[in-house]
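Sequence first, then the predicted structure, then my questions.
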Amino acid sequence: MTVCTVCGAVDEIDYQELPFMTGSGMDTCTGCLRCGSSVTTDPTFGAHVTRKPRPSHTGTGHGR
């Protein structure tokens, strides 16, 4: 089971892996299919989280 660290979606994850450019390990990217946030990792710099902003609730068509 894989859980998004941003929105909590379960098993809605796209996982990709490819060799690091120096050959010292693997780069990985885990992207959430629900909220669009991602976590990328590499052997040199570790993990980096990219959070997608939540959509604004203005202009929702409630007659205001």
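Ah, there it is. Residues are numbered from 1 along each chain as shown.

Do a quick rundown of the strands in this protein.
13-19, 26-32, 38-42, 46-50 (DSSP state E).

Pairing-wise in the sheet, spell out the partners of the residue nearest the centre of the chain.
Closest residue to the average C-alpha location of the chain: residue 38 at 1.4 Å, with C-alpha atoms, centre = their mean. Counting by DSSP bridges, residue 38 is bridged to residue 31, residue 50.

picking that back up, can you list the strands of the chain in TSV and add mean pLDDT and distance to residue 7?
Bear in mind the C-beta positions are built from the backbone N, C-alpha and C, glycine included. Shown next, in TSV, are the strands of the chain (pLDDT from 0 to 100; distance: least, C-beta to C-beta, whole Å):
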stretch	mean pLDDT	distance to residue 7
strand 13-19	89	11
strand 26-32	89	6
strand 38-42	86	12
strand 46-50	81	12
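
export those strands to a markdown table and tack on distance to residue 3?
Formatted as a markdown table, the strands of the chain follow (distance: least, C-beta to C-beta, whole Å):
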| stretch | distance to residue 3 |
| --- | --- |
| strand 13-19 | 8 |
| strand 26-32 | 9 |
| strand 38-42 | 11 |
| strand 46-50 | 14 |
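
what's the closest of these to residue 4?
strand 26-32 (4.1 Å; C-beta to C-beta).

Would you mark the buried spots in the closest one?
Residues of strand 26-32 classed as buried: 27, 29, 30, 31, 32 (neighbour count, 16 or more other C-beta atoms under 10 Å).

Among these, pick out the one closest to residue 9, please.
For those, the residue nearest residue 9 by C-beta to C-beta is residue 32; the value is 5.6 Å.
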